[in-house]
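Novice: Dropping the sequence and predicted coords here.
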Amino acid sequence: MMANVFFYILAAFILYSALFVVSAHNLFRSAIGLIAVLLGVAGMYLLMDAQFLSAVQIMVYVGGIVVLIVFVVLLVADVTEKTFQKADRWRKLSAGFVLAVFFGITVWALDSHSFTSASQNAQAASVKDYGRALLSTEKEGFILPFEVISLVLVAALIGAITIAGQTQAPVNGQKELP
Amino acid sequence: MNNFIYKTDSMVEWLTNWLQQHLHNPLLVEIVKMLVGAGVLAGFVSVLAMVLIYIERKVAAHMQQRLGPMRVGPHGIFQTVADSIKLLTKECITPQDVDRFVFNLAPLVCFVAAFVSLSFIPFAPRIQAVNFNVGILFILGISSLGVFGILAAGWASNNKWSLLGAMRAGAQIISYELSAVLALLAILIFAGTLDFKEIVESQRNGWWIWRAHGIGIVAFLIYTIASTAECNRTPFDIVEGESELTAGFHTEYSAIKFAMFFLAEFINVFLVCAISATVFFGGWMPFHIGDMTALNGIFDLVPPFVWFFGKVFALVFVVMWFRWTFPRLRVDQLMRFEWKYLMPLALINLGVGAVLAAYGGFFFNKF
């Protein structure tokens, strides 16, 4: 009962914020909307008893990614500037068309699939379970994806350091940028 | 009734039973419990901020051989009450070219982030607004929402000083968060849990700062430095360095919106000290030495919430002491200190701690 009430409140909140993200007239407001959406989704995870997932969602997306986005916005945008132009008629029309098609496909997909209700409530996994699953080499372990992702992250880090660490060319332009 | 001071868990149970007898409807009981929790926490926060501001002013004054506020009430204890009334009744000025929506939202975000984080802290057995199995992770996540509030405030003010202050704040908080988290992680490996309640329970035989073979002490020092920086307090207050940025991100704020930033700052100071007290100093656990039952019995006479607040306010005092001891760092010094010294040290500490914990190498593990 309570969970249902919270579900609808959260769902309305997420939908409203998502609309705000795409309809806000500057980048910073969109970022705020994005934070609201991500927080709402974290709330949804909480309703499903996935507390760890919810904490990670807030930590990684809200705390990490959106703050970085905001940082970039701070560097490029100005308060008084309206970053986005009003869309012209053709863009509005085509956006409406794409939306209608997407809506149709979604309704069709939901309608043609018969959902069976779960035989039992999902169990909240503890942090210990996550840790073991991430590092286990058995059949249901995630050691390979885990290691591959760490490799990708290391590559990204090295790339970032190489790009940021380049020595700048002298101002009067004797040497080309490497 | 008298026993409730020591056994706050039985008080909570008694309250729940009383509610169930009088309301009959379990849903209603849940709602009333939520409201009571939120109300108590809100009251606590407003009193806490006033007390902390009073303490700050008195500590500052006595460090400089002054008396501090003395006029309003005995030893000026009503000074912050008067100040709060003044701040709440002042005219709210909004500059012309600000982004109004973001400008009004920013102080709220800062305040809500600090307030929500406080609800995970266990003040005494079962006196904890939200019991959560990943509480500490959640607090660390929510605290970065506070960064966003500061960035939003600086951007929406449409003022160079504010924007610069906000950028500095963002860079500083994001950098120092790493060291703070790594330092906490070293202890969390020993405790083996992310749940505040269990972290406190795991220190029944001794606080982690002693038990973890020096790892605890190093982690505590790193966390104290990093968390001071996260709260933007001197010596890390380049965010609002008055001599260069007027007041940083809150230059354009006045009256109640300014009060909210102020409130959030002081709650954050309390919060980091409370986390430190819980993780390193056993939260509400009394001081116990091994199996010396007589001594432990004496310490047990002090109620848990006195232990908790004693520890937290001792740490808060240390943070205030910093302010009148160290000069402010420059931006480049600040960044170099974090990335070249503090974070590598925290990483090494974490590695050594992990090895020690894996071989069960900490004190008092037999009890």
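Specialist: Thanks, I have it.
Novice: Give me every residue in chain A lying close to chain B.
Specialist: A:1-2, A:26, A:28-29, A:32, A:35, A:51-52, A:54-56, A:58-59, A:62-64, A:66-67, A:70-71, A:73-74, A:78-80, A:124, A:126-127 (C-beta under 8 Å from any C-beta of the partner chain). In this view, the C-beta of every residue, glycine as well, is placed from N, C-alpha and C.
Novice: Next step: these restricted to helices.
Specialist: A:2, A:28-29, A:32, A:35, A:51-52, A:54-56, A:67, A:70-71, A:73-74, A:127 (DSSP state H).
Novice: Who are the contact partners of the residue lying closest to residue B:23 once chain neighbours are set aside?
Specialist: In space, and not counting its chain neighbours, residue B:23 is closest to residue B:29: 5.3 Å by C-beta to C-beta, 6 or more residues apart in numbering or on different chains. Neighbouring residues of residue B:29 by C-beta atoms under 8 Å, 6 or more residues apart in numbering or on different chains: B:16, B:19-20, B:23.
Novice: Which element, helix or strand, includes residue A:38?
Specialist: Per DSSP states H and E, residue A:38 falls inside helix A:27-47.
Novice: Chain A: which of the contacts of residue B:29 is nearest?
Specialist: residue B:23 (14.8 Å; C-beta to the nearest C-beta).
Novice: With residue B:44 as the reference, measure out to the closest one.
Specialist: According to C-beta to C-beta, to the nearest Å, residue B:23 and residue B:44 sit 24 Å apart.
Novice: now swap in residue B:78 and tell me
Specialist: 19 Å.
Novice: what about the particular helix or strand that has residue B:33 in it, distance to the chain center?
Specialist: Here residue B:33, judged by DSSP H and E, is contained in helix B:26-63. Here helix B:26-63 is found 13 Å from its chain centre; the criterion is C-alpha atoms, centre = their mean, to the nearest Å.
Novice: If we go by neighbour counts, what in that helix is buried?
Specialist: B:29, B:32, B:41, B:45, B:48-59, B:61 (16 or more other C-beta atoms under 10 Å in any protein chain shown).
Novice: Tell me which helix or strand comes right after that helix.
Specialist: Helix B:26-63 is succeeded, C-terminally, by helix B:79-89 (DSSP H and E).
Novice: contact partners of stretch B:42-57?
Specialist: Residues contacting stretch B:42-57 (C-beta under 8 Å, 6+ apart): B:68-69, B:76-77, B:79-81, B:83-84, B:115, B:118, B:262-263, B:266-267, B:269-270, B:313, B:316-317, B:320.
Novice: one more time with 6 Å, if that's ok
Specialist: B:68-69, B:80, B:263, B:266, B:320 (C-beta atoms under 6 Å, 6 or more residues apart in numbering or on different chains).
Novice: The helix holding residue B:33 versus helix B:79-89: what angle between them?
Specialist: 120 degrees (axes from the mean of the first three to the mean of the last three C-alpha atoms, to 10 degrees).
Novice: Send me the lowest-mean-pLDDT helix or strand in chain A as PDB with only the CA atoms.
Specialist: Among the helices and strands of chain A, helix A:67-76 carries the lowest confidence by mean pLDDT, DSSP states H and E, at a mean of 79. What follows is helix A:67-76 as a C-alpha-only set of coordinates in PDB (Å, rounded to 0.1, in the frame of the first residue of the first chain):
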ATOM      1  CA  VAL A  67      29.000  17.000 -11.100                       C
ATOM      2  CA  LEU A  68      31.500  16.600 -13.900                       C
ATOM      3  CA  ILE A  69      28.800  17.700 -16.400                       C
ATOM      4  CA  VAL A  70      28.000  20.700 -14.300                       C
ATOM      5  CA  PHE A  71      31.700  21.500 -14.100                       C
ATOM      6  CA  VAL A  72      31.900  21.600 -17.900                       C
ATOM      7  CA  VAL A  73      28.700  23.800 -18.000                       C
ATOM      8  CA  LEU A  74      30.300  26.200 -15.600                       C
ATOM      9  CA  LEU A  75      33.300  26.600 -17.900                       C
ATOM     10  CA  VAL A  76      31.300  27.200 -21.100                       C
END
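Novice: Report the contact partners of residue B:157.
Specialist: Contacts of residue B:157 by C-beta under 6 Å, 6+ apart are B:98, B:252.
Novice: Let's see that with 8 Å instead.
Specialist: Residue B:157 touches B:95, B:98, B:103, B:163, B:249, B:251-253, counting by C-beta under 8 Å, 6+ apart.
Novice: show me which of these neighbour chain A.
Specialist: Answer for the contacts of residue B:157 near chain A (C-beta under 8 Å from any C-beta): B:98, B:163.
Novice: Which of the contacts of residue B:157 fall within helices?
Specialist: Per DSSP H, the contacts of residue B:157 map to helices at B:103, B:163.
Novice: Neighbours of residue B:271, how many?
Specialist: By other C-beta atoms under 10 Å in any protein chain shown, the residues close to residue B:271 number 26.
Novice: In the contacts of residue B:29, find the pair that's most separated.
Specialist: Greatest spatial distance among the contacts of residue B:29 (C-beta to C-beta): B:16 and B:23, at 10.6 Å.
Novice: Verify the contact between residue B:240 and residue B:249 for me.
Specialist: Yes: using C-beta atoms under 8 Å, residue B:240 is in contact with residue B:249, at 7.1 Å.
Novice: Need the residues touching each of those two.
Specialist: Common neighbours of residue B:240 and residue B:249 (C-beta under 8 Å, 6+ apart) are residue B:165.
Novice: the more surrounded of those two?
Specialist: Using other C-beta under 10 Å as the criterion, residue B:240 and residue B:249 rank with residue B:249 on top: 33 against 22.
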